[in-house]
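A.B. asks: mind looking at a prediction? Sequence and model below.
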Amino acid sequence: MSIEADFTQGFVRNHWYAAAWVAELGERPFPRTILEDRIVLFRQPDGTLGALEDRCPHRLAPLSMGECADGGLRCGYHGMVFDATGKCIGIPGQDIIPPTAKVRAYPVVEKYGLAWVWTGLGAPDHGKLPQVPGYGEAGWSILDGGYQHHAGNYRIEIENLMDPAHTTFLHKETIGNRAAKDVPVKTTQDDKGLSAFRWIENVPPSPLDQKSRDFGDTRVDRRIAFNFELPATSFVDIAVIPSGMERSEENLMHGGLRTFSYKFLTPETAGSTHFFWLHLRSFRQGDSDFEAVLRASLEKTFTEDNEMVAAIQKEQEATGLRQRTALAIDRAPIMALRMIDRLIAAENTVGEAA
């Protein structure tokens, strides 16, 4: 059955979205479009972050073309200065500051090496910040700083990330494993998101597994769980152990390979997405040579995703169709999109009532 393509559903706004890696935020203002809002991040004199609408209220000059100076963010056109609340605190040549001399301020926090912006209009809910188990804990190595700009709607991204089947064919040189192509996927759901997972038993290690550990001639049992957390976080949990090993949590953690791979999707526009990633592993601690190989492999994998997502976006726009037929593997992606739709509908209902 054909389904029309629709990029007008909008976004979940009462949430935190990754805006930038903290390491990217230096002495200059940093612009970023999030949910089609133009936002500028900047450092305040005390070192904390501010996030404002990237338009001066005078002539709408981008504040990101200004500088961090005079105790706030100074517009590069006429020198008006704004603090992190969006209030103008100084205008060259005049003492009186009009009450309209203000811009929208966005709550912003730093966590997991990222700057997170709250895009809702109400008070920010810090309980909605994504949780990353293992981050900063002993026994885990972190690979972070990952970012790609993807030319596709975030919903296409989510469909891709909740689809274990595509890895066999799209990522054959990295995480794919042809032995998995006929193994069915199980799906579970709760109020925060869902998981699509499967065990692939007695198979050769994937190309990336072979680079990660010398399994020799040993075949492996491989569990991969594609997890989705509302509204746009992907968490892939992979465990690889020698075939037949007991599947205790101890063995899953230390008997072979265990990785947590996070993708934080931040919609830019209806046709583009900021793709942030970080990767945790429980093996080969402090191995910088391996980390270089791992980073290159992950970047290759995500570039392959980007190329496919961009191609799908282009064809959906050209045809006005999302798809012409349905497959069994669509179950988890469709569930994820329906959860997003319900959340957007609930926000719209509250907004209309207000």
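C.D. replies: That came through fine.

A.B. asks: next up, the contacts around the residue lying closest to residue 67 once chain neighbours are set aside.
C.D. replies: The shortest distance from residue 67 to any non-neighbouring residue, by CB to CB, 6 or more residues apart in numbering, is to residue 74 (5.5 Å). C-beta coordinates here come from the backbone N, C-alpha and C atoms, glycine included. Residue 74 is in contact with 66, 67, 68, 80, 81, counting by CB atoms under 8 Å, 6 or more residues apart in numbering.

A.B. asks: and residue 269, how far from residue 325?
C.D. replies: 28 Å (CB to CB, to the nearest Å).

A.B. asks: which of the two has more neighbours?
C.D. replies: residue 269 (13 against 8; other CB atoms under 10 Å).

A.B. asks: nearest spatial neighbour of that one, skipping sequence neighbours?
C.D. replies: Here the residue nearest residue 269, using CB to CB, 6+ apart, is residue 36, at 5.4 Å.

A.B. asks: just to revisit the earlier point, so which of the contacts of residue 74 is the closest to residue 222?
C.D. replies: If you rank the contacts of residue 74 by distance to residue 222 using CB to CB, residue 68 comes first, at 48.4 Å.

A.B. asks: among the contacts of residue 74, which two are most distant?
C.D. replies: Taking CB to CB, the two most distant members of the contacts of residue 74 are 68 and 80; they sit 13.8 Å apart.

A.B. asks: measure residue 50 to residue 108 for me?
C.D. replies: According to CB to CB, residue 50 stands 7 Å off from residue 108.

A.B. asks: overlap in contacts, those two.
C.D. replies: residue 41.

A.B. asks: returning to what we had before: relative to residue 107, how far out is the residue nearest to residue 67?
C.D. replies: Distance from residue 74 to residue 107, by CB to CB: 22 Å.

A.B. asks: in the protein, where is pLDDT below threshold?
C.D. replies: In the predicted model, the chain carries pLDDT under 70 at residues 1-2, 168, 172-182, 351-354.

A.B. asks: could you point out the longest helix in this protein?
C.D. replies: If each helix of the chain is counted by residues according to DSSP state H, the longest one is helix 288-319.
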